[in-house]
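[1] From the sequence below, what's the structure:
(2 chains)
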Amino acid sequence: MIGEVIRLSTTDPAAPVTPAVPAGVDDQPAAPERERAVGSTEVLCFLLILIGILHRPIGALVANPRLQTWLTVFVSVMVQATPFLVFGVVLSAVIAVFVPRSFWARALPRHPALAVPVAGMAGVVLPGCECGSVPIAGSLIRRGVTPAAALAFLLAAPAINPIVLTATAVAFPGNPEMVAARGGASLVVALLMGWLWLRLGRTEWIRLPHRAHLDGLPRMTAFWTACRHDIIHAGGFLVVGAMAAATINVAMPQQLLHDLAARPLLSVLALAALAVLLSICSEADAFVAASLSQFSLTARLAFLVVGPMIDLKLISMQAGMFGRRFAVRFAPATFTLAVLVAASLGTVIW
Amino acid sequence: MVLAFLGGAILRASITDLYLRYVKQGLRPFLIAAGTLLVITAIVALLQELRHINRPEAGPEDDGHGHGRSGPGVGWLLLLPALALLFVVPPALGADTAARAGSALTDNREVAYPPLPPGDPAELTLLDYGYRAVYDHGRTLQDRRIQLTGFLAPGPDGQPMLVRIVLSCCAADGIPIKIGLRGQVPQAPANTWVRATGRWIPHTAKDPVNDADVPYFQVEDWQHMPAPAEPYE
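    As a prediction, the model looks like this:
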């Protein structure tokens, strides 16, 4: 337990680079600056004591029903997303540690423009929601896959995998064409974004979190180190996104939606924006879209195409995984493209 | 440490029935697996650190978790859901959601409604009752005693309604299904769980929030009940 606490002090940017020395371990000489720094042990103890003292006041505070709903939604987004996050991270650690670099060079076409569709289609085989695909895409880039292809995978995987498409079919029993429209539009947006990145993207926008020296470590050590790093990193940003989503979920006046539904053009934009704000898991969003039945099918298609690609928790996670400079460009571009593709496809079909 | 906390909190919630307040039952094996993995990751990290401490020549540079400037200070946030799950344990969605969100009955499903399950009274979910009452015009509900289970929430007119939250994935997408009550309307505070027995009446209203249909139910008898382990439909 003490060792675990030390590890965290190295993950805390505020803490010194050298691990704090716990009491009882004296084979490492204490550097003078260590005594000044507040280690994570102190923080944690303080926090636990605080909770012990404030247990009741906190309980009374959350007796407010609106706040309780917020907490429930927040916790449930986290509980729902954690398995997908963990498995995504494990898969990405496998990619990072056990799959040799040469594999990707052989598996993907040499030409980046061709690698994009192959990577996009590969998203079909990843049955998960979007939280898992962010660390996987990061891992792919780290292993030398061209960013354009990795981004196409990132956008396509959560929307076109069999579980999500099945859920869509179940949620829209009267409109089977919705499944094809969703899969098609999502794939088109993912490929367009990949190619757009080839033309306009700059590698320096992507700043992957520094994950040092994995190569020098024994494989199992490297595997667990990668897992731990990615869970803490992506998970932290997932918390930020979940809090934002819960806030929107609780604060959004439903009457407003109702009024928007009456205007065709505005309703497409409104549902696309709602998809960003609500940050619902891509496996569930079809059911929510189905329940928004006062909106046109085109507007609901926009909801389904935008949601898995870009939403509050994804923006937060992407900013954490690829850097802020990347996220401020990638998110609006994806949003615009997704709305355009969904709206034009919807107009053609319905 | 953060990971051990989060993993432990998720394991605890998934081994007890607490997780049902937040997600669907089908997620349970995945939750247990994910919680276990988190705890294992934390334990492995602990062992790795201990090995480092015992080998003082291993400098901090090659300890394998060099983090950039934007390092996982943000990881501390993972404590929030863990602590909330361990200490606060937020309740399942209830009357507050029912008041805020529109009812689920907005879409006519063109399906054939099979006869009610046998038994007197016949047990139905609120959603099933709602669909049969509104879109099948109560055909299969006539001349039968029906039992519905849900919690009470004040309706727009102040009268209690029988409500259940319908979940498709997690509580973030929960939508209430609301049933108006007539007859022996239970007089109890909001969020009280009741089992009501009664009959279908041909009356529907509109939910002011989203114009959804709200069917009515003639209550003949009702009793208190503890909140079910699976609070959602």
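
[2] can we go C-alpha only for contacts and neighbour counts from here?
    Fine.

[3] Grab the nearest non-local neighbour of residue B:186.
    Nearest residue to residue B:186 in three dimensions, chain neighbours excluded: residue B:222, at 6.9 Å (Cα to Cα, 6 or more residues apart in numbering or on different chains).

[4] again with residue A:307
    residue A:275 (4.7 Å).

[5] where does the stretch 51-200 of chain A come near chain B, residue by residue?
    Taking Cα under 8 Å from any Cα of the partner chain as the contact definition, the stretch 51-200 of chain A meets chain B at A:59, A:65-66, A:68-69, A:71-80, A:82-83, A:86-87, A:174.

[6] Could you list which of those residues belong to helices?
    Using DSSP state H, the subset of these located in helices is A:59, A:65-66, A:68-69, A:71-80, A:82-83, A:86-87.

[7] where exactly do the helices run in chain B?
    Under DSSP H, chain B gives helices at B:2-15, B:28-54, B:79-83, B:95-100, B:126-135.

[8] Give me the below-cutoff pLDDT ranges for the chain.
    All of this is about chain A. Low-confidence segments of chain A (pLDDT under 70): A:1-44, A:55-62, A:126-129, A:210-216, A:284.

[9] try chain B instead
    B:54-72, B:108-110.

[10] and the residue in the stretch 101-250 of chain A that chain B sits nearest to, what does it touch?
    Closest approach of the stretch 101-250 of chain A to chain B (Cα to the nearest Cα) occurs at residue A:236, with a separation of 4.3 Å. Residues near residue A:236 by Cα atoms under 8 Å, 6 or more residues apart in numbering or on different chains: B:72, B:74-78.

[11] Walk me through the domains of chain B.
    What automatic domain parsing lists as the domains of chain B is B:2-90, B:96-224.

[12] which residue ranges form the strands in the chain?
    In the absence of a named chain, chain A is used. For chain A, strands defined by DSSP state E do not occur.

[13] Let me rephrase: I mean chain B.
    Using DSSP E, strands in chain B cover B:122-123, B:146-154, B:160-166, B:175-183, B:193-206, B:213-224.

[14] just to revisit the earlier point, excluding chain neighbours, what is closest to the residue of the stretch 101-250 of chain A closest to chain B?
    Closest to residue A:236 by Cα to Cα, 6+ apart is residue B:75, at 4.3 Å.

[15] Run through the residues that contact that neighbour.
    Contacts of residue B:75 (Cα under 8 Å, 6+ apart): A:232-237, B:2.

[16] And for the spatially closest residue to residue A:264 that is not a sequence neighbour, the neighbour number?
    The shortest distance from residue A:264 to any non-neighbouring residue, by Cα to Cα, 6+ apart, is to residue A:296 (7.3 Å). When neighbours are counted by other Cα atoms under 10 Å in any protein chain shown, residue A:296 registers 19.

[17] Show me the domain layout of chain A.
    A:2-61, A:69-349.

[18] Need the winner for burial among these.
    Of the domains of chain A, the one with the most neighbours on average (mean count of other Cα atoms under 10 Å in any protein chain shown) is domain A:69-349, at a mean of 21.

[19] Quick one: distance of that one to the chain centre.
    6 Å (Cα atoms, centre = their mean, to the nearest Å).

[20] ends of that domain, how far apart?
    The stretch domain A:69-349 measures 39 Å between its terminal residues, going by Cα to Cα, to the nearest Å.

[21] what comes into contact with stretch B:12-31?
    A:72-73, A:75-77, A:79-80, A:82-83, B:10-11, B:32, B:85, B:91-93, B:167-171, B:229-232.

[22] related to what we said a few turns ago, check contacts around the residue nearest to residue B:186.
    B:184, B:186, B:194-197.

[23] any idea how far residue B:51 is from residue A:235?
    Counting by Cα to Cα - residue A:235 and residue B:51 are separated by 26 Å.

[24] Equivalent analysis for residue B:23, please.
    Distance of residue B:23 to residue B:51, computed by Cα to Cα: 39 Å.

[25] Can you pick out the residue with more neighbours from those two?
    The neighbour comparison of residue B:23 against residue B:51 (other Cα under 10 Å) goes to residue B:23, with 27 against 13.

[26] what are the bridge partners for that one, then?
    residue B:170 (DSSP bridges).

[27] again with residue B:218
    Residues in a beta bridge with residue B:218, per DSSP bridges, are residue B:182, residue B:199.

[28] Can you get me a residue count around it?
    Residue B:218: 20 surrounding residues under other Cα under 10 Å.

[29] so what's it up against?
    So residue B:218 contacts B:181-184, B:198-201 (Cα under 8 Å, 6+ apart).

[30] Likewise for residue B:79?
    Counted by Cα under 8 Å, 6+ apart, residue B:79 has contacts B:2, B:5-6.

[31] give me the number of residues near the closest residue to residue A:224 other than its chain neighbours?
    Once flanking residues are discounted, residue A:224 sits nearest to residue B:41: 6.3 Å by Cα to Cα, 6+ apart. Residues near residue B:41, counting by other Cα under 10 Å, number 22.

[32] Distance across stretch B:120-140, terminal residue to terminal residue?
    14 Å.

[33] just how off-centre is it within its chain?
    22 Å.

[34] so residue A:299 sits right up against residue A:341, yeah?
    No: with contact defined as Cα atoms under 8 Å, residue A:299 does not count as touching residue A:341 (11.7 Å).

[35] Among the domains of chain A, single out whichever gets nearest to residue B:211.
    domain A:69-349 (8.5 Å; Cα to Cα).

[36] Pick the most buried one from the strands of chain B.
    Ranked by mean neighbour count, these are led by strand B:160-166 with a mean of 27 (mean count of other Cα under 10 Å).

[37] That one: how far from the chain's middle?
    Using Cα atoms, centre = their mean, the distance from the centre of strand B:160-166 to the centre of the chain it belongs to is 12 Å.

[38] May I have it exported as PDB, CA atoms only?
    The C-alpha trace of strand B:160-166 is given here as PDB (Å, rounded to 0.1, in the frame of the first residue of the first chain):
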ATOM      1  CA  PRO B 160     -49.400  11.200  -7.600                       C
ATOM      2  CA  MET B 161     -48.600   9.100 -10.700                       C
ATOM      3  CA  LEU B 162     -47.100   5.700 -10.800                       C
ATOM      4  CA  VAL B 163     -43.700   5.900 -12.400                       C
ATOM      5  CA  ARG B 164     -40.800   3.600 -13.400                       C
ATOM      6  CA  ILE B 165     -37.600   4.600 -15.100                       C
ATOM      7  CA  VAL B 166     -36.800   2.800 -18.400                       C
END
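
[39] so it versus helix B:126-135, what angle?
    Counting by axes from the mean of the first three to the mean of the last three Cα atoms, to 10 degrees, strand B:160-166 lies at 110 degrees to helix B:126-135.

[40] Return the list of helices and strands in contact with strand B:160-166.
    helix B:95-100, strand B:146-154, strand B:175-183 (3 or more Cα pairs under 8 Å, 6 or more residues apart in numbering or on different chains; DSSP states H and E).

[41] Quick one: residues in contact with the second one.
    When you say that, I think you mean strand B:146-154. Contact with strand B:146-154 is made by B:94-95, B:98-99, B:120-126, B:160-164, B:188-200, as judged by Cα under 8 Å, 6+ apart.
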